[in-house]
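Visitor: Have a look; sequence and predicted model below, questions after that.
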Amino acid sequence: MDITNLILNNDVSAGSIKNFNKLSNSKKVYVETYGCQMNFSDTEIVLSVLSSKGYNETTDINDSDVILLNTCSIRENAENRIYSRLGDLIKYKKKNPELVIGILGCMAERLRNDLLTKKKIVDIIVGPDEYRKVPELIENSIEKGEKGIAVKLSRTETYDDITPLRREGITAWLSIMRGCDKFCSFCVVPYTRGRERSRNIGNIVEESKRLFDEGVRDIWLLGQNVNSYRYQEHDFADLLRSVAIAVPDMRVRYTTSHPYDLSEKLLETMAEHDNICNYIHLPIQSGSDRILKLMNRLYSVKEYMRVMLKAREMMPGIGLSTDIISCFPGETEVEHRMTLDVLKEIEYDSAYTFVYSPRENTKAFDMPDKLDDETKKRRLDEIITLQREISYKINSQLTGKVMKVLVETVSRKSEDEYMARTDCNKSVIIPRTFNAVDNSGRLTEAKVINTGELMNVRITGANSATLFGCPVSAQ
Ligand code: 5AD
Ligand code: SF4
């Protein structure tokens, strides 16, 4: 799953950073995060490293001494957004020449030279495996005016000993592995994030218990490729089982997984434990075996379908989502239709759809038969329209049903509503207060709902992305 285009800056996200400012150092840091959940999780690591040196986080960019952009390279438009954001930042640097501007993450890794030579306002460039050096590089920039660059990839760095500085809330990301060894022919991740490495299983279990004690009720085990997790003799299913047993009242989910590593043992583990959510995000990328081969995806459509059918058979009602790349080099009209056919056959709850974006140094970059813009737009539109219809059909069939939800946060659209989530990962908008009915059918006083509550709601409406509901005792 990809949440490109989301910016995590302090005034957007719910809650405040806990335990920040243990030591005082008058420097204030403003961070913007772009891209996948891994980046959001990494930002929490960077904030933790900075906090241990006394830095404070600020929500006000005008009041900051350091601005950090945690960046994404997955597609060209993600990088263009950062270049344009750097243009915006010139005015802050003009106002305060002492301001330190840093580029973190995948773009730091991929475009270090370009950034250093062409983007003069950038002071420090730090790749995903060098976040321990961020404070030192900031100090050098402030004290000696030195440009700082740290972009070595590591075979061992997992930040296992660093407790991320999370925002208060019901949901937490828990990073369990880093990097990727799959080398899909379109993808920069193996180059920007390096080789796969997994965290110590015991430490992950301990961290989930600590999170539960701190009020978290929903954790996402996170990795570029979570299901290729391996620590000593333990695989991902072992880890998932250990976490589910250690925190039985916590909802446990994971993302993102690769079909090649999605074992029957993993499905059995999911089915066995009630607190492991019935939800799988499994990127298929294309409905054509020829394209999948060119993508180096290591599975056929038939093999993929077998896993999905098995998952549905073992966990009826399971939520399924996927990623699709449309218009891979040489994709024919027939192959595009094959992708549409897979969407129709599987009927995913949702899909993240992208037009193929050529990435330098990847294998696909030099593949011939790139498609014209009009074709790209049309094919993507067809995929999006079809998926929207499917999502709407599935969601509207849930109207009238009672579903158990976990109340997560105040809704982004209205202060008077909460966003809650079903086990199968559908968001449900519910009111923050409701009038319950007592045993004799009379309305009681307004009841206030709290985040972290698990409750039954009746679905009262739906669109293709969201459900709307009402607590059952309110009817
Ligand atoms: N172009 C378009 N989409 C891409 N993805 C990864 N690399 C590219 C690319 N070069 C998509 C894949 C992946 C998701 C995170 O991003 O669908 O699963
Ligand atoms: Fe990229 Fe493929 Fe690795 Fe996912 S599995 S991060 S798409 S190389």
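Guide: Looks like it came in fine. Ligands and ions are numbered 1, 2, ... in the order given.

Visitor: If the residue of the stretch 301-450 of the chain found nearest ligand 2 is in a bridge, with which residues?
Guide: For the stretch 301-450 of the chain and ligand 2, the shortest gap (CB to the nearest ligand atom) falls at residue 323, measuring 7.9 Å. Heads up, the C-betas are built off the backbone N, CA and C, glycines and all. In this entry, residue 323 is beta-bridged to residue 352, by DSSP bridges.

Visitor: any idea how far it is from residue 351?
Guide: Residue 323 is 7 Å from residue 351, where distance means CB to CB, to the nearest Å.

Visitor: higher neighbour count, the two?
Guide: residue 351 (23 against 16; other CB atoms under 10 Å).

Visitor: buried set for stretch 131-146?
Guide: Within stretch 131-146, the residues that qualify as buried are 131, 132, 133, 134, 135, 137, 138, 139, 140, 141, 142, counting by 16 or more other CB atoms under 10 Å.

Visitor: what do you get for stretch 38-57?
Guide: 38-51, 55-57.

Visitor: Then stretch 214-232?
Guide: So stretch 214-232, judged by 16+ other CB under 10 Å, has buried residues 216-231.

Visitor: What mean pLDDT does it get?
Guide: For stretch 214-232, mean pLDDT rounds to 96.

Visitor: Do any residues in that stretch lie close to ligand 2?
Guide: Yes: Stretch 214-232 lies within reach of ligand 2 by CB under 6 Å from any ligand atom, at 224, 225.

Visitor: gap between the two ends of that stretch?
Guide: 29 Å (CA to CA, to the nearest Å).

Visitor: What degree of burial does residue 91 show, as a neighbour count?
Guide: Residue 91 has 9 neighbours, counted by other CB under 10 Å.

Visitor: Begin at 514, not 1, for the rest of this chat.
Guide: I'll keep to 514 as the first residue from here, and by that count the last item is residue 604.

Visitor: Is it in a helix, a strand, or coil?
Guide: helix (DSSP: H, G, I helix; E, B strand; the rest coil).

Visitor: Residue 721 and residue 761: what is the separation?
Guide: For residue 721 relative to residue 761 (CB to CB), the value is 11 Å.

Visitor: Neighbour count for the two, which is higher?
Guide: For residue 721 and residue 761, the more surrounded residue by other CB under 10 Å is residue 721, and the numbers stand at 22 against 11.

Visitor: what ranges do the helices span in the stretch 564-713 of the chain?
Guide: 589-608, 619-623, 625-631, 647-657, 702-705 (DSSP state H, counting those that start in this stretch).

Visitor: now what about the last one, what contacts it?
Guide: Spelled out, that is helix 702-705. For helix 702-705, contacts defined as CB atoms under 8 Å, 6 or more residues apart in numbering pick out 586-587, 618-620, 622-623, 640-641, 692-696, 737, 874-875.

Visitor: can you tell me which residues contact the residue of the stretch 814-963 of the chain closest to ligand 2?
Guide: Residue 836 sits in contact with 514, 515, 769, 794, 796, 797, 798, 864, 865, 866, 867, where contact means CB under 8 Å, 6+ apart.

Visitor: Residue 817: which of those residues is nearest?
Guide: residue 797 (5.6 Å; CB to CB).

Visitor: Do you know the pLDDT at the closest one?
Guide: pLDDT, residue 797: 98.

Visitor: Would you agree it is in contact with residue 855?
Guide: Yes: here residue 797 lies in contact with residue 855, judged by CB atoms under 8 Å, at a distance of 6.3 Å.

Visitor: Neighbour count for the two, which is higher?
Guide: Using other CB under 10 Å as the criterion, residue 797 and residue 855 rank with residue 797 on top: 23 against 20.

Visitor: what's the closest non-adjacent residue to the more buried one?
Guide: Setting aside the residues directly before and after it, residue 797 is nearest to residue 835 in space (CB to CB, 6 or more residues apart in numbering), at 5.0 Å.

Visitor: Which of the contacts of residue 836 fall in strands?
Guide: 794, 864, 865, 866, 867 (DSSP state E).

Visitor: Between which two of those is the distance greatest?
Guide: For those, and using CB to CB, no pair is farther apart than 794 and 867, which are 14.4 Å apart.

Visitor: Local confidence estimate at the residue of the stretch 814-963 of the chain closest to ligand 2?
Guide: 98.

Visitor: Please tell me how far the closest residue in space to residue 770 that isn't next to it in sequence sits from ligand 2.
Guide: Closest residue to residue 770 apart from its sequence neighbours, by CB to CB, 6+ apart: residue 740 at 4.4 Å. According to CB to the nearest ligand atom, to the nearest Å, residue 740 stands 10 Å off from ligand 2.

Visitor: Just the buried residues of stretch 585-605, please?
Guide: Under 16+ other CB under 10 Å, the buried positions of stretch 585-605 are 585, 586, 587, 588, 591, 592, 594, 595, 599, 602, 605.

Visitor: picking that back up, name the residue in residue 794 and residue 867 with the higher neighbour count.
Guide: Using other CB under 10 Å as the criterion, residue 794 and residue 867 rank with residue 794 on top: 23 against 19.

Visitor: and the more buried one, what does it touch?
Guide: Contacts of residue 794 by CB under 8 Å, 6+ apart are 514, 768, 769, 770, 833, 834, 835, 836.

Visitor: ok, residue 927 - contacts?
Guide: Residue 927 neighbours (CB under 8 Å, 6+ apart): none.

Visitor: got the phi/psi numbers for it?
Guide: phi -150, psi 130 (degrees, to the nearest 10).

Visitor: Which pLDDT does the model give it?
Guide: According to the prediction, residue 927 has pLDDT 91.

Visitor: Against residue 941, how distant is it?
Guide: Relative to residue 941, and taking CB to CB, residue 927 is found at 14 Å.

Visitor: go on, residue 698?
Guide: From residue 698 across to residue 941, the span is 39 Å (CB to CB).

Visitor: cool, residue 650 as well?
Guide: 44 Å.

Visitor: and residue 937, helix, strand or coil?
Guide: Residue 937 - assigned by three-state DSSP - is coil.

Visitor: Can you name the residues that contact it?
Guide: By CB under 8 Å, 6+ apart, residue 937 lies in contact with 790, 791, 792, 830, 831, 832, 862.

Visitor: Please convert the buried members of these into ChimeraX selection syntax.
Guide: Restricted to buried positions by 16+ other CB under 10 Å, the ChimeraX selection for those reads:
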select :790,791,792,831,832,862
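
Visitor: Average pLDDT for stretch 613-621, rounded please.
Guide: Mean predicted lDDT for stretch 613-621 stands at 97.
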